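Participant: sequence and predicted structure below; questions after.
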Amino acid sequence: MTAAALQAPAPIRRVPARPAPNAPAPGVGDPAEAFRPRLNRLRLHAARCRASARLDLFRACARLSADRGAASQAHAEALVRGLAQAFGRPPIFYRPGADPLSDDEAWLLRALDRAAAGDHASLAFLLHTRAAPAHRRALGFLIGNVARAAADL
């Protein structure tokens, strides 16, 4: 190498910054904002269901799938009551109107968002990250019905 090459400063390469780990993917948007009214309804259902008996996901889905005119309230209640069974632990729901999201609430909002968008691959991925294998299908059914009935929630 020549002396001139050693003294010339190397050009600075600009590398784009990595997105924050919890930032939504480009084009997806933040599901928390779009689903905030639904989240508060689900939080109300969770508060009411704390004292009720645990619900078997398979029985709930069988009962709801037979009745096409079932209210969105029944689907939302079955979803909230069945999350403990699917997760293997009680889900964490904050009180209605609380600003922060628990990890379980954020997961549920993303699942509802992906179901509403018809993104079945992302919904399947989300189900694989949280739900026990035996409960994924039933949980996906309930999430899909709650997402479709979002206007009534």
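Facilitator: Sure thing, it's come through.
Participant: tell me which helix or strand residue 80 sits in.
Facilitator: Residue 80 belongs to helix 72-87 when assigned by DSSP states H and E.
Participant: low-confidence ranges, the chain, go.
Facilitator: When residues are selected by pLDDT under 70, those of the chain lie in 1-35, 50-72, 150-153.
Participant: please enumerate the helices of it.
Facilitator: For the chain, helices defined by DSSP state H occupy the ranges 3-7, 31-34, 36-49, 57-66, 72-87, 103-116, 120-130, 136-148.
Participant: hang on, the earlier thing: which strands or helices does the helix holding residue 80 pack on?
Facilitator: Packed against helix 72-87 by the contact rule (3 or more Cβ pairs under 8 Å, 6 or more residues apart in numbering; DSSP states H and E) you find helix 36-49, helix 57-66, helix 103-116, helix 136-148. Quick note: C-beta positions are derived from backbone N, CA and C, even for glycine.
Participant: would you mark the buried spots in it?
Facilitator: 72, 75-83, 85-87 (16 or more other Cβ atoms under 10 Å).
Participant: want to throw these into a markdown table with distance to residue 123?
Facilitator: Formatted as a markdown table, the buried residues of helix 72-87 follow (distance: Cβ to Cβ, whole Å):
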| residue | distance to residue 123 |
| --- | --- |
| 72 | 18 |
| 75 | 16 |
| 76 | 17 |
| 77 | 21 |
| 78 | 17 |
| 79 | 14 |
| 80 | 18 |
| 81 | 20 |
| 82 | 16 |
| 83 | 15 |
| 85 | 19 |
| 86 | 14 |
| 87 | 16 |
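Participant: wait, which of the helices of the chain is closest to residue 93?
Facilitator: helix 36-49 (3.9 Å; Cβ to Cβ).
Participant: still on that earlier bit, switch the helices and strands packed on helix 72-87 over to TSV; also include mean neighbour count and distance to residue 94.
Facilitator: As requested, those are arranged in TSV below (neighbours: other Cβ atoms under 10 Å; distance: least, Cβ to Cβ, whole Å):
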stretch	mean neighbour count	distance to residue 94
helix 36-49	18	7
helix 57-66	16	23
helix 103-116	21	7
helix 136-148	20	18
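Participant: to residue 130, which of these lies closest?
Facilitator: Comparing the helices and strands packed on helix 72-87 by Cβ to Cβ, helix 103-116 comes nearest, at 5.8 Å.
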